[in-house]
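[1] build me a structure from this.
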Amino acid sequence: MIEGQDRHAAVRVLNAHLTESGLAAYDRTTDGVHFTRVTDGLGWCQAAGTPPEAWPPGATECLRVFWYPDQAFQRELRTGRIPAGAASHWAAGTEAAMAAVRALGFRAAVTGPPREPDRTTSVDILVWRPGPGTPEEWPPAGAWDGVPPTRPNFVDGWPRWPEWTPRKEVGHVLRNARAQRYAARRPAVGEATTGPADDVLWPPFAFACARVVWHPDARYERGPDGTVPYGAAEHWQEGLRQVRSDLRVAGYRVQEAQTPPSPERDDWIAVLAWRGNR
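    Purely as a prediction, here's the structure:
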């Protein structure tokens, strides 16, 4: 697993390769003025990191690439018109981006709910290096068939969020479970917060997904000098057990990082909470 600065280094290497391939923004100085320009022809890309709980099975490295269309093929915000040829431009640009990262030995796939020119502004691509435990076919065929595009998007009231999202539902589940523990005089261990999970991070067959981050109680946090308080390991184990239990009782599945969390190394525990059709 790539950690800390190594992960940032991997992002820089991939961005440099995309630039060399003519698929990324590039810097230019003209008359002493610094400009950042984007390529033209097959859209442009930018690489970013991926949280470890979203990595494919067995992956030894995982990043994501955001692909954006050329301006000529972007949806017109004022009229909503989709330029002619946008769909084929998206297909060609996305395939060019995946071919570029595959040349570095990565696998690549457009994962999660569909993203299309009439709804969204970009395509998100998951990029990973397979390890010994990575299935030959991942993600499985048809992994998100029938899953509707997520909001916000242009068609369904973009950029206004709907009243009820997976993030809000999971947050409601965890708050209720915490309240029930206090009522039963069994206080919750640590505190869990909920955030959105980008579409590209959704597990195969998920039709709703959120990211849950658990933080330990202050007295079990790692000290500034790196020391770990006595009992921290047990505290972390119980906190993760409670999060798993609360989510599963509410009908959610839990996807965790392949490397178990550790108070000696990590500041929190993050998992994906999702509902699926399998």
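
[2] which residue is nearest the centroid of this structure?
    Leu201 (3.7 Å; C-alpha atoms, centre = their mean).

[3] count of neighbours near the residue nearest to Thr120 when sequence neighbours are not counted?
    In space, and not counting its chain neighbours, Thr120 is closest to Asn153: 5.6 Å by C-beta to C-beta, 6 or more residues apart in numbering. In this view, the C-beta of every residue, glycine as well, is placed from N, C-alpha and C. Around Asn153 there are 18 other residues, counting by other C-beta atoms under 10 Å.

[4] from Arg211, how far out is Asn153?
    According to C-beta to C-beta, to the nearest Å, Asn153 stands 19 Å off from Arg211.

[5] which stretches of the protein have low pLDDT?
    Within the chain, the segments meeting pLDDT under 70 span 1-7, 26-40, 157-164.

[6] which residues of it fall in strands?
    26-30, 33-37, 44-49, 61-68, 107-109, 123-129, 191-196, 206-215, 253-255, 269-276 (DSSP state E).

[7] partners of the fourth one, with directions?
    Sheet pairing here is set by DSSP bridges, and for strand 61-68 it gives strand 44-49 (antiparallel), strand 123-129 (antiparallel).

[8] just the CA trace of that strand, in PDB.
    The C-alpha coordinates for strand 61-68 follow below in PDB (Å, rounded to 0.1, in the frame of the first residue of the first chain):
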ATOM      1  CA  GLU A  61      -1.500   0.800  -5.800                       C
ATOM      2  CA  CYS A  62      -4.600   2.800  -6.700                       C
ATOM      3  CA  LEU A  63      -5.300   6.200  -8.100                       C
ATOM      4  CA  ARG A  64      -8.000   7.900 -10.100                       C
ATOM      5  CA  VAL A  65      -8.000  10.000 -13.200                       C
ATOM      6  CA  PHE A  66     -10.500  12.800 -13.900                       C
ATOM      7  CA  TRP A  67     -11.100  13.300 -17.600                       C
ATOM      8  CA  TYR A  68     -12.600  16.500 -19.000                       C
END
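
[9] other residues contacting it?
    2, 10-11, 14, 18, 38, 43-50, 52, 54-56, 93-94, 97, 101, 106, 108, 121-129, 198, 200-201 (C-beta atoms under 8 Å, 6 or more residues apart in numbering).

[10] now it: buried residues?
    Across strand 61-68, burial judged by 16 or more other C-beta atoms under 10 Å covers 61-68.

[11] and if you look at the fifth one?
    Neighbour-count burial for strand 107-109, with 16+ other C-beta under 10 Å as criterion, is recorded at 107-108.

[12] that one packs against which elements?
    helix 86-102, strand 123-129 (3 or more C-beta pairs under 8 Å, 6 or more residues apart in numbering; DSSP states H and E).

[13] please identify the most buried of the ones you listed.
    Neighbour counts (mean count of other C-beta atoms under 10 Å) averaged over each of these peak at strand 123-129, with a mean of 23.

[14] with just CA atoms, put stretch 83-92 into PDB.
    In PDB, the C-alpha atoms belonging to stretch 83-92 read as follows (Å, rounded to 0.1, in the frame of the first residue of the first chain):
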ATOM      1  CA  PRO A  83     -22.900  19.800 -28.900                       C
ATOM      2  CA  ALA A  84     -23.000  17.300 -31.800                       C
ATOM      3  CA  GLY A  85     -20.400  14.600 -31.400                       C
ATOM      4  CA  ALA A  86     -20.100  15.000 -27.700                       C
ATOM      5  CA  ALA A  87     -20.800  11.300 -27.000                       C
ATOM      6  CA  SER A  88     -18.100  10.000 -29.400                       C
ATOM      7  CA  HIS A  89     -15.700  12.600 -28.100                       C
ATOM      8  CA  TRP A  90     -16.300  11.400 -24.500                       C
ATOM      9  CA  ALA A  91     -15.800   7.800 -25.600                       C
ATOM     10  CA  ALA A  92     -12.600   8.500 -27.600                       C
END
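
[15] could you count how many residues lie near Ala242?
    I think there's a mix-up here, since residue 242 is Gln and not Ala. Gln242: 20 neighbours (other C-beta under 10 Å).

[16] my read: it touches Pro187, true?
    No - shown here, Gln242 and Pro187 do not form a contact pair, counting by C-beta atoms under 8 Å, at 10.3 Å.

[17] need the residues touching each of those two.
    By C-beta under 8 Å, 6+ apart, the residues touching both Gln242 and Pro187 are Arg181.
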